[in-house]
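*Asks:* Below is the sequence, then the predicted model.
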2 protein chains.
Amino acid sequence: MTAPLTADWAALSAGLRARDGVACQWRVAAAPVGNVRPTDFAWHEEPVPSPDEGEVLLETLYLGLAPVMRMYMQGTGAGGARKLAPGDVIHGRGVARILESRHPDWRAGEIVQGQIGWRTYATTRMTAGERFFRVTSHDLPYALACGVLGMPGLSAHAGYFACGQPKPGDVTVVSGAAGGVGSMVIQMARIAGAGRVIGIAGGAEKCRTIRALGCDDAIDYKSEDVPRRLAETCPKGIDYYFDNVGGETLSACLERLAMGARIALCGSISEYTRTTPFGLTNYTRLRAVEGRMSGFFVYNHVARWDEVMGEMAGWIRAGRLKPVQDIVEGFERMPEALSRLYEGKNIGVQCCRVRPEPPHPAVEGAARG
Amino acid sequence: MTAPLTADWAALSAGLRARDGVACQWRVAAAPVGNVRPTDFAWHEEPVPSPDEGEVLLETLYLGLAPVMRMYMQGTGAGGARKLAPGDVIHGRGVARILESRHPDWRAGEIVQGQIGWRTYATTRMTAGERFFRVTSHDLPYALACGVLGMPGLSAHAGYFACGQPKPGDVTVVSGAAGGVGSMVIQMARIAGAGRVIGIAGGAEKCRTIRALGCDDAIDYKSEDVPRRLAETCPKGIDYYFDNVGGETLSACLERLAMGARIALCGSISEYTRTTPFGLTNYTRLRAVEGRMSGFFVYNHVARWDEVMGEMAGWIRAGRLKPVQDIVEGFERMPEALSRLYEGKNIGVQCCRVRPEPPHPAVEGAARG
């Protein structure tokens, strides 16, 4: 039912080198079937472009990796993104510095985040569809704009609060708990006054991480029986389930819902590499418990960007929300970095460092993380 | 995937006759496998019981039929009901007259509705778990207490309003639209100011009925392609789907949801007679449209009984809510009446007339329906 998860990623990046003065890109070579394979990616080099009137030239600092990227590469236009075909640069949000600006609203030297694509340099008109934002928290690492202070952070916040509507005391279960969004949600559950917080993750190291982040219990789905452990850890049922994985885990949580339970649907990464679709047979459990299962579309929440990012940055500075990032070094290794998501290897937000962070402007009384 | 739906119900009731002075019952003979069959039911006769101190003696007027009864017979304890085993009287709510009372709160002659079981006479302590209510709308037929003014009416009201949270202008789709709950929901959608109301039902007669009840469009799932017709009738998507059937119809509606859509899960009768479980593969559509799928447990809403029943009765008297009932004559035919639900034969609330209605008390200015 599941495609093999191993591939020789080192061979793909061997001999490639992103360097200043050359614009490097990763493009779609072939639409992935099941999981991504090295042959799905094509490296491309060209001269650094010059911005036209109304454009800026960006140099990329970080790129974030998201499960949806496999679907982008398949040409589905997931999430409303422009549909890709073989030969197109792969979609991806990241953090960049403006090298040169011929755009009236943006200045050289500003740090921005937005839809850059898998590129080391990019010219862009900063259109609304690319959803660029200024990075203004100069007392915090710019890498966080790929995570807590970026679209993954907005996903975690909008999903946990607006979509799932937590209540104080909720027995809360989070799957993919050591992942980018999951590692934030377990901490937000603590901040919101949840009752017991139970994280589900794969492997001992991830389980240690999520306990350290505030989980009362950690379930290792690779070595433990998830339904049995849910019964042990949630004897009165689950009030709130934040779902990052879908599939059998979602099904197991549905079986243990408490009356009035809520499920926030964020991701279904366990289903992405299946060759036959997963069918949810027990969705009718929602009837027995007067439960609710809700999805959210993160771009619907972009209007609240400043408010949410301000709140997240405040929690980071107060030590209540610890950013967890899994950084792969080097643009050459972007395909490998993406594959880590589907292989369950990443702890925290998966991102790729394309260049070292430039010096931050001095911030009064600030401490860099 | 689906068990055969035909059976010789006439042979089962032939020679049986419920009559005054003998307490007749239908009991579980065998747990149904797939759909109910005549061999699952056993007829039983015994003397009319005398009430003990604290009990009343009821004579049954009507019994209602509900899809959940097949699950009762399977011993699942669905909906929190006492689990049945072969030999037990089948659970069922109905309308009865109190023949004799040795209970301090109830008087002989009162009309009541509650958990009577498949019996023509019953003694009971009117416990909380049996959820007995006085029938007080004497200007309306007592039969309605099996439908609009009974638990099906509370299901329709709680499901449509409290669970699904309609908004004015909603493009509303109702499956099982000619059934007991569905026939009420399409009318409540009109009352609530829905936009287009589209009903899904099986066969031309049912489609005529639901158009007459206020549907702008009727989709005949037996002769039409449901996904194609949903695309035609809901070009901008479905805002609200009230689901009585589950299965492929739920899946088709998920594919056509508009942004912010809500699904109220009421029933899944299309799945009940499957021999392999239905798997919902596209529940993740809720993410793309920021949608919500909610279930409800009707007994959670019983505290609002008087308020809801008062509102429903008001709509009936004002001609805004037309009760639709499908009445099988004779207690002997209860198994057949139940089978009609799974065979898709009933139009409106399926019930069984056990005895003629007694004369109603005179009501000032009332017109019986």
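*Replies:* Structure's in. What do you need?

*Asks:* Okay, helices next: where are they in chain A?
*Replies:* Using DSSP state H, the helices of chain A run over residues A:9-13, A:69-73, A:151-157, A:180-191, A:204-212, A:226-233, A:247-254, A:269-272, A:285-288, A:305-317, A:334-342.

*Asks:* how about those, which one is nearest chain B?
*Replies:* helix A:285-288 (3.4 Å; CB to the nearest CB). For glycine as for every other residue, the C-beta is placed from the backbone atoms N, C-alpha and C.

*Asks:* ok, the nearest residue to A:L250 once chain neighbours are set aside - how many residues close by?
*Replies:* The spatial neighbour of A:L250 that comes closest, neighbours along the chain excluded (CB to CB, 6 or more residues apart in numbering or on different chains), is A:D243 at 5.3 Å. The number of residues packed near A:D243 is 29, by other CB atoms under 10 Å in any protein chain shown.

*Asks:* what's the answer for the one 3 residues further on, then?
*Replies:* Neighbours of A:G246 under the rule other CB under 10 Å: 24.

*Asks:* repeat for A:D105
*Replies:* 10.

*Asks:* Tell me if I'm right that it and A:T127 touch.
*Replies:* No. Proximity of A:D105 to A:T127 does not meet the contact threshold set by CB atoms under 8 Å, at 11.7 Å.

*Asks:* ok, back up a step: can I assume the residue nearest to A:L250 is in contact with A:I269?
*Replies:* No. Using CB under 8 Å, A:D243 makes no contact with A:I269, being 10.1 Å away.

*Asks:* if we can go back for a sec, closest to A:P358 out of the helices of chain A?
*Replies:* Taking CB to CB, helix A:305-317 is the member of the helices of chain A nearest to A:P358, at 19.6 Å.

*Asks:* Report the buried residues of the closest one.
*Replies:* A:V308, A:M309, A:E311, A:M312, A:A313, A:W315, A:I316 (16 or more other CB atoms under 10 Å in any protein chain shown).

*Asks:* A:D217 pairs with what?
*Replies:* Note on A:D217: beta-bridge partners by DSSP bridges are A:I198.

*Asks:* Need the pLDDT of it.
*Replies:* Listed pLDDT for A:D217 reads 98.

*Asks:* who in the stretch 1-150 of chain A is up against chain B?
*Replies:* For the stretch 1-150 of chain A, the residues in contact with chain B (CB under 8 Å from any CB of the partner chain) are A:G79.

*Asks:* dump the residue contacts of the nearest residue to A:L12 once chain neighbours are set aside.
*Replies:* Nearest non-adjacent residue to A:L12, counting by CB to CB, 6+ apart: A:P38, 4.2 Å away. By CB atoms under 8 Å, 6 or more residues apart in numbering or on different chains, A:P38 lies in contact with A:A7, A:D8, A:W9, A:A11, A:L12, A:P335.

*Asks:* if I pick the residue lying closest to the third one once chain neighbours are set aside, what's in contact with it?
*Replies:* Of all residues not flanking A:W9 in the chain, A:E336 sits nearest, at 3.7 Å (CB to CB, 6+ apart). Applying CB under 8 Å, 6+ apart, we find A:E336 in contact with A:W9, A:A10, A:L12, A:S13, A:V328.

*Asks:* Correct me if wrong: the third one contacts A:P335.
*Replies:* Yes. Counting by CB under 8 Å, a contact exists between A:L12 and A:P335, whose distance comes to 5.8 Å.

*Asks:* Need the overlap of contacts for those two.
*Replies:* Joint contacts of A:L12 and A:P335 (CB under 8 Å, 6+ apart) are A:P38, A:F41.

*Asks:* pLDDT score assigned to whatever residue of the stretch 1-150 of chain A ends up closest to chain B?
*Replies:* Residue of the stretch 1-150 of chain A nearest chain B, by CB to the nearest CB: A:G79 (7.6 Å). A:G79 is assigned a predicted lDDT (pLDDT) of 76.
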